[in-house]
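Student: below are the sequence and a predicted model for it; my questions follow.
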Amino acid sequence: MVNKVDSAKQISEIFNLEWKEEFSAVGSTITTIWFENIATRLNDLQILNARINFDAFIEGKNKIPKAKEIAKKTGFEVKEEWFSTSKPGSTSNGGSTVKTPYFVEFLILSKNNFKDKSSIKEIKSEIIETLEEIYPNSILFLENEEIQFEESDFSNYGLNYNWLRSLRPIWGCLYPNIGEVEWNQSDIEVRNQIFAELSLDQGPTYLEDALAIMDHLNLVAFQLEQFNSNLEIHEITKRKCKFLWEESWDEIDASKGVFEPIVATTKTLPIATIATWAKEGKLDIDPIYQRDFVWNDSACRKLINSILMGVPLPSIILYEDQNGTYQIIDGKQRITSILRFMGALPEATGFLKKKMTSLKLVTNNEMVKNADDSVLVEVILTGNNPLNLPKKDVPKYKQWKTNKEFGIISDEDKLFAKKKLPFNLGTKEFDGLSEFEKLNGKFYHEIRDEEIQLGGKKTKISQVFEVQDDVYEIPMIIYDESTKPYQIRRVFNRYNTQGQKLNPTEINNAAYQSIDAMKFTMAMGRIRPSRGDEILPGIYHEIESDCKKLESFFKNCQESNNRFQYAKLTSWILALLYRQPPKKANGAINYPSTSGIIQQFFDNEMSLEVHRRAIQKEKNILKLAEIFGRASDSLLGELMSDVLNQNPYWRSKKGDDKWAQLSIVSMAAASIICHSNDVNPEEKLDDDEIYEAFIEYLENHEPLDKQQSRKQWEYFAKTITEVCNIFGVDKGNYEDKYDLFNKYSVLDYFADVIENIDV
C-alpha cells in the first residue's frame, strides 16, 4: 500500500535530495522541514515555473500553504480534500495534515515531468563551458574579433529561454545556410526560430530543448576546431575551409535519425568458402555500383604477405540480397586480390576456358584433348592436377602465360591479365625470413604444396586457401536483405576502401540500387556502360544513344567521369527537376547542400509506393532519357556549343577550360525544361534577337563555383530561370508536355527563391 513516507522518499530521490530522519515523524507524518528542503532543492535546480519566494515561504509551521505553493510552482492542481487542519486546543497543537493523495500526485508529476531534469544545473554548466570554447574559436570563421561571451545571459536559465540569445554573436557559424533570427521577439518565438534554423527537433520539455542545444553546440565546437586547424595548420584557403566545413555538416545531417536495428551476422570464414561462393555465383565480386578493381600488384602482394604471415585482416562487409547473393559493401579490393592470387577469380577462369581450344589444338595427348576445359583451367591456374596431366602438355600458369601459341598474346590479353589473372609474389617479398624466402617471386601454383608455420603449426599453403579449415579465417559482417537504404548509407559511411573514403555518389549507388531512379541515373551517368543491360534489362539498348549524348555534353564541358562524376551530375539535375526541398519548421525556405538534395530525392523515390514514383521503367524512363538526349544535343549544337565554349564567364574560376559544375547543371536543367515544353534552345538561337540576348546574358554571368548551399540555390534559381526566359519559357507558360515531372514545376519553386533573395 502506498503511503506518504514512501512517496516522499521517491520524490526526494528524483530531485537528488538526501533523505533525513527529521523529514518524517510518528504515524507516517511528513514534517514541515521536508517541504522546506524540497522547495530549496527545486529552486536550486531551476525547473519551477517561477522561483519560490522564501521570505514568505518559511514563515509559520503550517505545512499546507507550503504544499500548495510547491504544487502551484510545479504545475499540478491540488484538491482541498487533500488537506486538513486540526482545531485549536487539540492535541495536535493547531497543526495541519497533508494527506497521501497529495504525495501520490506529486510523485506521478515528478516521474513524468521532472525525473530527467535533476541534472539541468549541470547541463547549464556544460553549455556555458562549450560556448566559452566556441566564442574565441569563431573569430576566424566570422572574421570578427569583438565577439565576447557574457555569462549574464544565463541569469534566468531554467526560468525562460532568454539564454538562447547568447547564440546571437556566433549565429553565423552554428550551421550552414542559416537564416536570420528576429532576436527582439519573445523568448518562445526566438526559441522556435532557432530550432527551425538549426534543424533541431523541439522537445516537449525545457530539459529536452536544452539537451538538443547542448548536443548541437558540441558539434559546432568540433567543426570550428577542424576549420581552424585546416586554415592555420594545414594552410588551406579560407574559401576551401568553409566548403569543407559545410560538407562535414552535410555528413552529420545524413547520419541523423534513429538507427533502427540491423539484421546482421558476424562470423569468420575460411578463404575456401569465399572462393566457393565466387565459383558458384553466390558472391557478387563486382557490383555495378562500385568502382572497378584498382589495386596494383604491389598492393595485392602486401595482402597475400599478411595472410601468409598470419596477420588478421579487417572485416569483409557483405549484403545478402533477396536472391541469396552476397554483394560486397566493403572489401572488394581484398577479395579480388585473394581470388586473383589463387587463380579462382570467375572472370579469370572464364577467360582461360576460351583459350583451351588453342591448347588442345597443339597437343597430341588424347587425355588432354578429351579433358573437360574446367579441369585444364584448374591445372593451369592453381597447380591442382588430380588427373596427373603431363606438365609438357598442360603447362602451369607461369609457363602457360608466356606461350606464344595460346598464352597471353594480344594487348587485350595483357590488359586483362593486369586486373584479373594471377600475380606472383615479389622477388624480395620475404628476404630475411629464412622459412619464407622459398616463396619469393613464386606464383600460387608453384607454392601450394609448400609448408609454412601458421597459427603455431606447420601448414600447407593449399590448406590456407583451399581447405575448409580454421587455420586462417577472415572476419565477415553480413547484412540481411531487410536493411534499409539509409542504413546501407550509414554502413558505407563507416567503412573505407583502400583508405579512400567513398564519396556520396558511390554511397547512393549502393543504397538505392533497387529503384528505377537510381538505375536511370547509373545508365545516364555511364556507370559500367558495358553492363548496361544488367542495370536496365530490356530497355538499355533503347536509351543508350541518349546516354551517350549526355556523356558527350559532360565531356564537352571538360568534366571527367572519375569516381562516377557523370552520375553525380545526373542525379543533381534530377534532384533539381523533381524535388522541392521541404521548408523549415518556421516556414522559411530551406537550402540543402548538393548531396543533401540528392539524398532527399532518392529517399523520396524510395519511400513512395511503386505506382507513385516519379521515375519508373513502366512509365517514363524511355521518354525522360529521350528528353535528356535532346537537351544534350541542343547544348552540343554548333551554334550553342560555340557560344558557350568561347564565353570565358561560363568557366570555372580556376582559369582552366573546365566548366564550373554549377554551370553544367544549370545549362543541362534549363535545356531539359525547355525541351519538356517542346522548345529547342539551339533552334531558337537562329533568331538574332534571342542570340544577342543570350550573348549579353552570358557576358554578364560569372560562374559561382563551389559555395555555400544558399548561394548555390540562388544561383540555380536565377540562372535556370533567366536562361529559360531567354528562350521563351517561364513559369506562366511552362507546360510539361510529356508528363515527366508529376505536376511539379521547378520554375515555380525558383520564383519563390528569387523573391526571397533580397528579403
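Tutor: Done, it's in. Because the structure is a prediction, the values reported are computed rather than measured.
Student: let's verify the residue nearest to residue 295 when sequence neighbours are not counted: helix, strand, or coil?
Tutor: In this structure, residue 295 finds its nearest non-sequential neighbour in residue 333, 4.8 Å apart by Cβ to Cβ, 6 or more residues apart in numbering. Heads up, the C-betas are built off the backbone N, CA and C, glycines and all. The local conformation at residue 333, judged by DSSP: H, G, I helix; E, B strand; the rest coil, is helix.
Student: where along this protein do the strands fall?
Tutor: Along the chain, the stretches classed as strands by DSSP state E are 24-25, 29-30, 83-85, 96-98, 264-270, 283-284, 316-320, 326-330, 451-454, 457-460, 473-479.
Student: in a markdown table, list these along with mean neighbour count.
Tutor: Formatted as a markdown table, the strands of the chain follow (neighbours: other Cβ atoms under 10 Å):
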| stretch | mean neighbour count |
| --- | --- |
| strand 24-25 | 16 |
| strand 29-30 | 20 |
| strand 83-85 | 15 |
| strand 96-98 | 20 |
| strand 264-270 | 14 |
| strand 283-284 | 20 |
| strand 316-320 | 22 |
| strand 326-330 | 22 |
| strand 451-454 | 16 |
| strand 457-460 | 14 |
| strand 473-479 | 18 |
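Student: that older thread, so the residue nearest to residue 295 sits right up against residue 293, yeah?
Tutor: Yes: counting by Cβ atoms under 8 Å, residue 293 is a contact partner of residue 333 at 6.5 Å.
Student: in the protein, where's the longest helix?
Tutor: The single longest helix within the chain, with elements called by DSSP state H, is helix 206-228.
Student: what's the least confident stretch among the strands of the chain?
Tutor: The minimum mean pLDDT among those belongs to strand 83-85 (a mean of 81).
Student: counting by contacts, list what that one packs against.
Tutor: Using 3 or more Cβ pairs under 8 Å, 6 or more residues apart in numbering; DSSP states H and E, the elements in contact with strand 83-85 are helix 63-74, strand 96-98.
Student: which one of those lies closest to residue 596?
Tutor: Smallest distance to residue 596 across the helices and strands packed on strand 83-85 (Cβ to Cβ): 42.2 Å, for helix 63-74.
Student: tell me how far the longest helix of the chain lies from the chain's centre.
Tutor: Chain-centre distance of helix 206-228: 20 Å, with Cα atoms, centre = their mean, to the nearest Å.
Student: what of stretch 297-317?
Tutor: On Cα atoms, centre = their mean, the centre of stretch 297-317 falls 28 Å from the chain's centre.
Student: repeat for stretch 224-232
Tutor: 23 Å.
Student: check which residues of that stretch are buried.
Tutor: 224, 227, 228, 230, 231 (16 or more other Cβ atoms under 10 Å).
Student: ok, stretch 375-384 next?
Tutor: Within stretch 375-384, the residues that qualify as buried by neighbour count (16+ other Cβ under 10 Å) are 375, 376, 377, 378, 379, 380, 381, 382, 383.
Student: just put those in CSV and tack on distance to residue 744.
Tutor: Formatted as CSV, these follow (distance: Cβ to Cβ, whole Å):
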residue, distance to residue 744
375, 60
376, 60
377, 55
378, 57
379, 62
380, 59
381, 55
382, 57
383, 62
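Student: so what's the nearest residue to residue 435 once chain neighbours are set aside bridging to?
Tutor: In space, and not counting its chain neighbours, residue 435 is closest to residue 453: 6.2 Å by Cβ to Cβ, 6+ apart. On the basis of DSSP bridges, residue 453 is bridged to residue 458.
Student: which residues sit in contact with the closest residue in space to residue 313 that isn't next to it in sequence?
Tutor: Leaving aside its chain neighbours, residue 313 sits nearest to residue 474 (5.3 Å; criterion: Cβ to Cβ, 6+ apart). Applying Cβ atoms under 8 Å, 6 or more residues apart in numbering to residue 474 gives the contacts 268, 269, 270, 271, 274, 313, 315, 316.
Student: before we move on, what about residue 466?
Tutor: Per Cβ under 8 Å, 6+ apart, neighbours of residue 466: 271, 272, 275, 342, 382, 384, 448.
Student: can you flag the buried ones in the residues you listed?
Tutor: 271, 272, 275, 342, 382, 448.
Student: contacting residues for the closest residue to the third one other than its chain neighbours?
Tutor: Right, residue 275. Once flanking residues are discounted, residue 275 sits nearest to residue 344: 4.5 Å by Cβ to Cβ, 6+ apart. Going by Cβ under 8 Å, 6+ apart, residue 344 touches 275, 278, 279, 381, 382.
Student: among those, which ones are in helices?
Tutor: Using DSSP H, the contacts of residue 344 in helices are 275, 278, 279, 381, 382.
Student: what ranges do the helices span in the stretch 301-450 of the chain?
Tutor: Counting by DSSP state H, counting those that start in this stretch, the stretch 301-450 of the chain has these helices, from start to end: 332-342, 346-361, 366-370, 373-382, 397-400, 411-419, 444-447.
Student: the ones you listed: which one's closest to residue 14?
Tutor: Across the helices of the stretch 301-450 of the chain, closest to residue 14 is helix 332-342 (Cβ to Cβ), at 53.2 Å.
Student: gap between that closest one and the chain center?
Tutor: 27 Å.
Student: that helix versus strand 473-479: what angle between them?
Tutor: With axes from the mean of the first three to the mean of the last three Cα atoms, to 10 degrees defining the directions, helix 332-342 sits at 140 degrees from strand 473-479.
Student: which helices and strands does helix 332-342 pack with?
Tutor: Checking 3+ Cβ pairs under 8 Å, 6+ apart, helix 332-342 ends up next to helix 271-279, helix 297-308, helix 346-361, helix 461-466.
Student: got JSON lines for these, with distance to residue 215 and mean pLDDT too?
Tutor: Below are the helices and strands packed on helix 332-342 laid out as JSON lines (distance: least, Cβ to Cβ, whole Å; pLDDT from 0 to 100):
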{"stretch": "helix 271-279", "distance to residue 215": "41", "mean pLDDT": "93"}
{"stretch": "helix 297-308", "distance to residue 215": "40", "mean pLDDT": "91"}
{"stretch": "helix 346-361", "distance to residue 215": "48", "mean pLDDT": "90"}
{"stretch": "helix 461-466", "distance to residue 215": "48", "mean pLDDT": "92"}
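Student: let me have the ones you listed in CSV, extended by distance to residue 289.
Tutor: CSV is the format used below for the helices and strands packed on helix 332-342 (distance: least, Cβ to Cβ, whole Å):
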stretch, distance to residue 289
helix 271-279, 19
helix 297-308, 22
helix 346-361, 18
helix 461-466, 29
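Student: which one of those lies closest to residue 166?
Tutor: Checked against Cβ to Cβ, the stretch from the helices and strands packed on helix 332-342 lying closest is helix 297-308, at 51.6 Å.
Student: buried residues, that closest one. List them.
Tutor: Applying 16+ other Cβ under 10 Å to helix 297-308 flags 300, 301, 303, 304, 305, 307, 308 as buried.
Student: take the buried residues of stretch 375-384 and lay them out in a markdown table including pLDDT and distance to residue 105.
Tutor: Formatted as a markdown table, these follow (pLDDT from 0 to 100; distance: Cβ to Cβ, whole Å):
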| residue | pLDDT | distance to residue 105 |
| --- | --- | --- |
| 375 | 91 | 84 |
| 376 | 92 | 87 |
| 377 | 92 | 82 |
| 378 | 90 | 81 |
| 379 | 90 | 86 |
| 380 | 91 | 85 |
| 381 | 90 | 80 |
| 382 | 88 | 79 |
| 383 | 86 | 83 |
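Student: quickly list the domain ranges of the chain.
Tutor: 4-118, 138-254, 264-344+424-476, 346-419, 503-757 (automatic domain parsing).
Student: now those in JSON lines, with distance to residue 124?
Tutor: Shown next, in JSON lines, are the domains of the chain (distance: least, Cβ to Cβ, whole Å):
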{"stretch": "domain 4-118", "distance to residue 124": "8"}
{"stretch": "domain 138-254", "distance to residue 124": "5"}
{"stretch": "domain 264-344+424-476", "distance to residue 124": "40"}
{"stretch": "domain 346-419", "distance to residue 124": "60"}
{"stretch": "domain 503-757", "distance to residue 124": "25"}
